[in-house]
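In: Starting from these lines, generate the structure:
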Amino acid sequence: MKRSQFLWNVLVGVAVLVLLVTGYRFNNVREQVTRYGHMTEKSQLGTDQELDSLITYLENNLLKRESYHFSLRNEPMLLSNVILLSDELAAGRQRDIIRVSAIVGGSKAIALVQYHGQTYRLMVGDTLAGGKVIDIKPEAMVLYKHNRRMTFPVIGLKMSPEEAEKYRVD
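Out: Residues are numbered from 1 along each chain as shown. All right, here's what the predicted structure looks like:
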C-alpha cells in the first residue's frame, strides 16, 4: 500500500509539475500575442511612403509605355536603318534610301536614281526627297538638303557603313 501510495504521489507531483510548466509556456505565448496585438493596433495599413512612391513611379512608367506609338519607319530595329544591303539584296528593301544607279555623261549629266520604289532621271536643279540636285559627277550625285551637302555614289562602289549612313534620307 505504501508503495502504491508513493507511486500515486510521484505521479500527481509529475502531473502538477507538467501543468505548471505548460501554464508558464502558455503565459509567454499570451504575452507575445498581446504584444503583437498592440503593435498591429498602432500601425496603419497603406501609409508606407516608400511603397507609395514606388507604386506612383510604376504607374507613371506604365502610362508612358502605353502612350508610346510604335512606328516601323522610325525604329532602330528596321534593318535598312542599320546597314546598307548589297546591291543584289537591296532592291525594294531600302525604299527610303536614295540610290544612284548610273550617271549618264554629256553636256548635261543625268543621274538615274531609285527612291521609294521608283526610278527618276535627275539633272542639276531638280529636286528629290526635299533636297535639290546641285552637282552630278561621274561617280556620284550631290544633293543639298537641310543646309548640308549629301553625296550619293553610284551603286556598286565600295563604301564603309559610316559612309553609307551619310546617304540615308529621313
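
In: Leu17: neighbouring residues, count only.
Out: Residues lying near Leu17 (other Cβ atoms under 10 Å) number 10. Any C-beta I mention is one placed from the backbone N, CA and C, and that applies to glycine too.

In: Following the chain onward from the one helix or strand in the chain whose mean pLDDT sits lowest, which element is next?
Out: When each helix and strand of the chain is scored by mean pLDDT, DSSP states H and E, helix 87-90 comes last, with a mean of 45. For helix 87-90, the following helix or strand on the C-terminal side (DSSP states H and E) is strand 99-104.

In: what's the offset of that next one from the middle of its chain?
Out: 39 Å (Cα atoms, centre = their mean, to the nearest Å).

In: before we move on, what about stretch 124-144?
Out: 38 Å.

In: now stretch 13-30
Out: With Cα atoms, centre = their mean, you get 63 Å for stretch 13-30.

In: now do stretch 20-33
Out: 57 Å.

In: and if you look at stretch 140-155?
Out: The answer for stretch 140-155 is 33 Å, by Cα atoms, centre = their mean.

In: Give the buried residues for it.
Out: 140-143, 145, 150, 152-155 (16 or more other Cβ atoms under 10 Å).

In: Among these, which one lies nearest to Leu62?
Out: Using Cβ to Cβ, Lys145 is the member of the buried residues of stretch 140-155 that lies nearest Leu62, at 39.3 Å.

In: mind showing which ranges of this protein have poor pLDDT?
Out: Residues of the chain meeting the criterion pLDDT under 70: 43-47, 69-96, 157-170.
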